[in-house]
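A.B. asks: The following comprises the amino acid sequence and a computationally predicted model.
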Amino acid sequence: MNGYLAIVLHSHLPYVRHPEYEDFLEEDWLYEAMTETYLPLLDVFSRLTRDGVDFRITISLTPTLLEMLADGLLMRRYRAHLEKLIELSEREIDRTRHDPSINPLAKMYHERFVHYLDLFENGCRGNLINGFRDFMEQGSVEIVASAATHAYLPLLIDRTWQDIQLHVGIDCHAHHLRKDAGGVWLPENAYTEGIDEILATYGIRYTFLDAHGVLNASVRPAYGVYAPISSRAGVGFFGRDLQSAKQVWSAKEGYPGDPDYREFYRDIGYDLDLGYIRPYLHSDGSRSNLGIKYYRITGQTDQKQPYVLQWAQRKVETHAGNFVFNRAKHIEYLCGIMDRKPILVSAYDAELFGHWWFEGPEFIEQVFRKLSTTSGIVTATTPTMYLKEYPENQAAVPSPSSWGDKGYHEVWLNGTNDWIYRHIHIAQDRMHELMRTTTASPERHRGINQALRELLLAQSSDWPFIMNSGTMVAYARKRFVSHIARFTRLYQQIKDGHLELEYLNGLESKDNIFPWIDYRTYAGVLRDR
C-alpha cells in the first residue's frame, strides 16, 4: 500500500491600492510576490507540464490577492516595476563587468526579469489569474477559496460576520476562477465552533487546521493528522503534518538556512550608492529591497560570500531528494499501522517559496520530479482527490485553534492590537442596520455597498498581525483607522439622508475591492440568525 502527499501553499497579501499616489511603498508587497513567488511557481508548473511530469498541488488565492491581480491600475504599475528592474539589471551587467563572481549573477537576474515579463504578458495574458486558472483546468492545481479580507474569524464574535466574510470570499473565488470552490483556507487556520456549519452551507467539502486543531478534537482521531476528520456538518478537516512543515519552514533547522542558499537580507537597494539606485527607488528616495541580491547565507557572520548558483542548484537537488526520502519512510511506517492510505498535508505560506527562500520554487519542482520516481510509495494528491477515494471519515468536533504563535488567538488579540475590536464590533452592529434596508435609491444603494467594503477591509487580520509584529505598525494603524472612519462617515450620512456623492465617488475609486458586491445578496444572513 502506498500513501499520499498534499503540498498546500497559502497565497495571501493584504489589499493595498493607492491610486491617489504615483507610487506607494506598500504596493511593493504585491510586486515582489509576483516576481519572486507567483511567476516562478507558474514557470515551474509550465516546465513540469512540458516534460510530462504529473504533479498535484493545492493553492489558496485569497480574495484580496485575486482582486489586486485583476486590478488594471496595479497591473500597469507592476509592468512598469518589472521594466525598471530589467533596466537596472542591464546597468548592473555593465557595472559588474570586471567582477567574475558577481557579473554572472547580474546576467541571471536580467534573464529572469525578461523571462517573467514575457510570462506575464504572453503566458498569463497580462493577468496571473489566467495562469493559475489554466493549470486548474488542466487538473494539476487545485485552488481553494478563503474569507473576503482574510479576517480572523473567531474574533469577529458575531457569527453573521463570519458568514458574510466567507460568503463574499467564496463568491469572489467563483467570480475570478469561474468555478465553485470545493475547499477553503481559513485565515490563519483559525477555527472556532460553528464555522464548519457556515462552510457546509456554501457547499465547501474541506478545510485545513494546524495539527493540534485535529489532535485536540472532541474524539481522539484514530489516524492522527494522517487522515481527515469529519465535523457534524460533514466538512472534512485536514491536519497539518508538522514534520514536513518544520523541515522546510524553519530557517535554522530546515533547508532554507543552508549556507549555499541566497541571503535574503543583502540587497542592492541598501548596498549600493544612493545616487546610482535612486531612479529605481520610490519617489521619496527611501531605500528598499529591489530584488537583486548577490550574496549567499554563508553562515553566522556578517561577512557574506558571493552567491554561487551552481552550488545552490546542487543543494536543491539534495534537499528535494531528502524531503521525498523522508516522506516515503514516513508513509511506509504509517502504512504498517493504518488500514487506509495515509495523507501527509505539507502546508506553507506560498511566499516562503521564492520571496524568502529564493530556491524554493525549484525545490518544489525537484520534489515533484523525484516523486515520479518513487515507484508509487508517495503519490502527490489534493484534498478533493483524497475525499473522493475516502468519502467516509471519523466524526469529531475540531478544536478551536490557529497556526499562529502558541497555536491560538494571542497574535491577533493582545496589548498591541486589542483596541481595534470594539470599533469592529460597533461597526458590525451599525452595518446590520444598513443592510436591513429593503428599498433604497441608487445612491443610497451604492453608499451601503461601499460601507460594506470599508467594514470588510477594516476586519482584515493583516492589521492586528502587523501591529503585533512591530514592523510597519504606523501603516497598519492608519489603514484600520481609515477604513473605520470611512465606514462611520458613510453610516452617518446614510442614516441622516444626506449622502455626499463626491465623497462616495472618491471611496469607490480608492477602495474598489469587490466592485460586483451587492449588500442585498448577504442581507439574508441577518434574517436567518
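C.D. replies: Received, thanks.

A.B. asks: Just give the closest residue to residue 483, not the sequence neighbours.
C.D. replies: Nearest residue to residue 483, sequence neighbours excluded (Cβ to Cβ, 6 or more residues apart in numbering): residue 458, at 3.8 Å. For the C-beta atoms, the positions are set from N, CA and C on the backbone; glycine is no exception.

A.B. asks: Could you tell me how many residues sit around the one you found?
C.D. replies: 24 (other Cβ atoms under 10 Å).

A.B. asks: helices or strands up against the worst-scoring helix or strand of the chain on mean pLDDT?
C.D. replies: Least confident helix or strand, the chain: helix 519-528 with a mean of 79, by mean pLDDT, DSSP states H and E. Helix 519-528 sits against helix 159-177, helix 420-435, helix 442-458, with contacts defined as 3 or more Cβ pairs under 8 Å, 6 or more residues apart in numbering; DSSP states H and E.

A.B. asks: Tell me which of those helices sits nearest to residue 395.
C.D. replies: helix 159-177 (22.1 Å; Cβ to Cβ).

A.B. asks: and the angle for the least confident helix or strand of the chain with helix 442-458?
C.D. replies: 70 degrees (axes from the mean of the first three to the mean of the last three Cα atoms, to 10 degrees).

A.B. asks: Would you mind listing the buried residues in helix 519-528?
C.D. replies: 519, 522, 523, 525 (16 or more other Cβ atoms under 10 Å).

A.B. asks: Would you mind confirming that the first one is in contact with residue 448?
C.D. replies: It stands for residue 519. Yes: using Cβ atoms under 8 Å, residue 519 is in contact with residue 448, at 4.9 Å.

A.B. asks: Overlap in contacts, those two.
C.D. replies: Counting by Cβ atoms under 8 Å, 6 or more residues apart in numbering, the shared contacts of residue 519 and residue 448 are 434, 435.

A.B. asks: Can you show me the helices along the stretch 51-200 of the chain?
C.D. replies: Per DSSP state H, counting those that start in this stretch, the stretch 51-200 of the chain carries helices over the ranges 63-69, 72-95, 103-118, 128-138, 159-177, 195-201.

A.B. asks: Averaged pLDDT, stretch 34-41. What do you get?
C.D. replies: Stretch 34-41 carries an average pLDDT of 98.

A.B. asks: Quick one: end-to-end distance for that stretch.
C.D. replies: Using Cα to Cα, to the nearest Å, the span of stretch 34-41 from its first residue to its last is 10 Å.

A.B. asks: do the same with stretch 429-443
C.D. replies: First-to-last residue span, stretch 429-443, Cα to Cα: 22 Å.

A.B. asks: for stretch 341-358, same thing?
C.D. replies: End-to-end distance of stretch 341-358 (Cα to Cα): 33 Å.

A.B. asks: for that stretch, which positions count as buried?
C.D. replies: Within stretch 341-358, the residues that qualify as buried are 341-355, 357-358, counting by 16+ other Cβ under 10 Å.

A.B. asks: now swap in stretch 413-423 and tell me
C.D. replies: For stretch 413-423, by 16+ other Cβ under 10 Å, it's 413, 416, 417, 420, 421, 423.

A.B. asks: Same check on stretch 230-240?
C.D. replies: Buried, per 16+ other Cβ under 10 Å, within stretch 230-240: 230, 231, 235, 236, 237, 238, 239, 240.

A.B. asks: Over to the fourth one: give its phi and psi.
C.D. replies: The main-chain torsion angles of residue 236 are listed as degrees, to the nearest 10 and equal phi -80, psi 140.

A.B. asks: now do the first one
C.D. replies: The phi and psi values for residue 230, taken as degrees, to the nearest 10, are phi -120, psi 130.

A.B. asks: quick one: pLDDT of the closest residue to it other than its chain neighbours?
C.D. replies: If the residues on either side of it in the chain are set aside, residue 230 comes closest to residue 393, at 4.3 Å by Cβ to Cβ, 6+ apart. On the pLDDT scale, residue 393 is placed at 97.

A.B. asks: and residue 393, what does it touch?
C.D. replies: 227, 228, 229, 230, 236, 387.

A.B. asks: can we see that at 10 Å?
C.D. replies: Listed by Cβ atoms under 10 Å, 6 or more residues apart in numbering, the contact partners of residue 393 are 206, 221-223, 227-231, 234, 236-238, 340, 386-387.

A.B. asks: for residue 116, same thing?
C.D. replies: Counting by Cβ under 10 Å, 6+ apart, residue 116 has contacts 34-36, 38-40, 42-43, 82, 85-86, 123-124.

A.B. asks: so how far is residue 464 from the residue nearest to residue 483?
C.D. replies: 11 Å (Cβ to Cβ, to the nearest Å).

A.B. asks: Same question for residue 270.
C.D. replies: With Cβ to Cβ as the criterion, residue 270 and residue 464 are 29 Å apart.

A.B. asks: More neighbours: which of the two?
C.D. replies: Using other Cβ under 10 Å, the more surrounded residue of residue 270 and residue 464 is residue 464, with 24 against 13.

A.B. asks: Quick check: next helix or strand after the helix or strand containing that one?
C.D. replies: Residue 464 belongs to helix 462-469 when elements are defined using DSSP states H and E. Counting by DSSP H and E, the element after helix 462-469 in chain order, helix or strand, is helix 473-496.

A.B. asks: Looking at the residue nearest to residue 229 when sequence neighbours are not counted now. What's its pLDDT?
C.D. replies: Leaving aside its sequence neighbours, residue 229 sits nearest to residue 396 (Cβ to Cβ, 6+ apart; 4.3 Å). Residue 396 is assigned a pLDDT of 97 by the prediction.

A.B. asks: Based on its surroundings, how many neighbours for residue 396?
C.D. replies: Count around residue 396 with other Cβ under 10 Å applied: 20.

A.B. asks: What's the biggest strand in the protein, counting residues?
C.D. replies: Counting by DSSP state E, the longest strand found in the chain is strand 3-11.

A.B. asks: neighbours of residue 511, just the number please.
C.D. replies: Under the neighbour criterion other Cβ under 10 Å, residue 511 is assigned a count of 18.

A.B. asks: Find the nearest non-adjacent residue to residue 357, please.
C.D. replies: Closest residue to residue 357 apart from its sequence neighbours, by Cβ to Cβ, 6+ apart: residue 256 at 4.1 Å.

A.B. asks: one step back: quick one, phi psi at the residue nearest to residue 230?
C.D. replies: According to degrees, to the nearest 10, residue 393 has phi -140, psi 160.

A.B. asks: Same check on residue 234?
C.D. replies: The phi/psi pair for residue 234 (degrees, to the nearest 10) is phi 90, psi 10.

A.B. asks: residue contacts, the closest residue to it other than its chain neighbours?
C.D. replies: With sequence-adjacent residues excluded and distances taken as Cβ to Cβ, 6+ apart, residue 234 is closest to residue 200, at 5.8 Å. Going by Cβ under 10 Å, 6+ apart, residue 200 touches 231, 232, 233, 234, 235.

A.B. asks: Is it possible to get CSV of these that adds distance to residue 28, pLDDT and secondary structure?
C.D. replies: Output for the contacts of residue 200, formatted as CSV (distance: Cβ to Cβ, whole Å; pLDDT from 0 to 100; DSSP: H, G, I helix; E, B strand; the rest coil):
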residue, distance to residue 28, pLDDT, secondary structure
231, 40, 97, coil
232, 44, 95, coil
233, 41, 97, coil
234, 42, 97, coil
235, 37, 98, coil
